[in-house]
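Enquirer: predicted model follows, preceded by the sequence.
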Amino acid sequence: MESSIIKLFSVLAVSAFSPLHSYCLKGDMLGRPRFGLMHRRDDPRSNMSFPAPETLTGANINSKIGAGTICSAQVRALVRLGANAMIIGRNVEKTETMAKSIATARKGSKVIGIGAVDVRKIQDLEGAVARCVNELGGIDYVIAGAAGNFISPISGLSSNAFKTVIDIDTIGSFNTLKATVPELVKSAKKNPNTGTNPSTGGRIIFISATFHLTGMPLQAHAAVAKAGVDALSASTALEYGPRGITSNIITPGPIAGTEGMARLGGREAERNGSAYKKVPLQRYGLVKEIADGTIYLFSDAGNYVNGEVLVIDGGDWRSPGAPGGARSAYPDYLLDDTFERKSKL
């Protein structure tokens, strides 16, 4: 597939907190009532303010991030709270540049970027995990955000194109889990989830989508792939819960300024606001709000949350059922075969 069509994302985490790529975290937690985070002073989307019962001093995160806006926000927030991180991606230059940028979130932080890593290849992830453990001391939290997507009707979707998305999203998420779970088990044993221990380790977050909850035209491949990710997380929660590991999912909705929004929602629709009219809250989400959810699941506030799906979309996925809502009119592109005839993958 063309790199302009498919992007890989996945996340690994190490020691307290840790999406479209991978991260490593490690750290202790100290009571702080509230934090304000900023990615870039000239970007209002990156202002972060959230309850944070603990910080992550010394935590390690391993993540496959590349240039993903959402994932970089997640890791940046965690690093700001005290974590160190390792990020991995396909593009060497972009991954290393992003690591340097994230490191500016906190003076003295250690953020390592490893490029040329493909989540479809377990050996690539095993190598990244080994380096993360060697350089950061372990893995406490993982974010598995592998994703590849494009728009295509089923009739124009080749078996190879369909398989490519499954390989990236579902197999990539499994490979991330497979490579990191031994370290997560160690972290959970060292920092047990007792309900009173503020430095709990051994947590994984998978990044999913809402396509498979209702079905979506032109997204059959992504819907099937993310359904598999949801099932993987649920099985992980049941299988590894007795060993102290929590496994949960964050499902972002339409998030302003992201590549996914531009690719699937359309840049023009994002600019003129027509895309958010179907969202009950009547606005796009912010990357800060995805970071907030990440901190919640990795903090002591999320100690007893396991096997859940945290949808952060302003109620968007429920809107098709709203009487007279913005989605009540069937999309024009499905009423004839114009789009279908133009789309072949």
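Expert: Perfect, I can see it now. Numbering: from 1, shown residues only.

Enquirer: which stretch of helix or strand covers Ser187?
Expert: In this structure, Ser187 is located in helix 172-190 according to DSSP states H and E.

Enquirer: for that helix, packing partners?
Expert: Judged by 3 or more C-beta pairs under 8 Å, 6 or more residues apart in numbering; DSSP states H and E, helix 172-190 is in contact with strand 10-13, helix 122-136, strand 141-144, strand 203-207, helix 220-240. Where you see a C-beta, it was placed from the backbone N, CA and C, and this is true even at glycine.

Enquirer: next, the angle strand 203-207 makes with the helix or strand hosting Ala291.
Expert: Using DSSP H and E, the element containing Ala291 is helix 287-298. Going by axes from the mean of the first three to the mean of the last three C-alpha atoms, to 10 degrees, helix 287-298 is angled at 150 degrees with respect to strand 203-207.

Enquirer: what comes up buried for helix 287-298?
Expert: Across helix 287-298, burial judged by 16 or more other C-beta atoms under 10 Å covers 287-298.

Enquirer: want to try CSV for these, with distance to Asn134 and pLDDT as columns?
Expert: Below are these laid out as CSV (distance: C-beta to C-beta, whole Å; pLDDT from 0 to 100):
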residue, distance to Asn134, pLDDT
Val287, 31, 94
Lys288, 33, 95
Glu289, 34, 97
Ile290, 30, 97
Ala291, 28, 96
Asp292, 32, 97
Gly293, 30, 98
Thr294, 25, 96
Ile295, 27, 95
Tyr296, 30, 96
Leu297, 27, 96
Phe298, 23, 94
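
Enquirer: mind putting those in TSV, distance to Ser187 included?
Expert: Converted to TSV, the buried residues of helix 287-298 look like this (distance: C-beta to C-beta, whole Å):
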residue	distance to Ser187
Val287	27
Lys288	27
Glu289	27
Ile290	23
Ala291	21
Asp292	23
Gly293	21
Thr294	17
Ile295	18
Tyr296	19
Leu297	15
Phe298	12
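
Enquirer: what's the closest of those residues to Val185?
Expert: Closest approach between the buried residues of helix 287-298 and Val185, by C-beta to C-beta: Phe298, at 16.9 Å.
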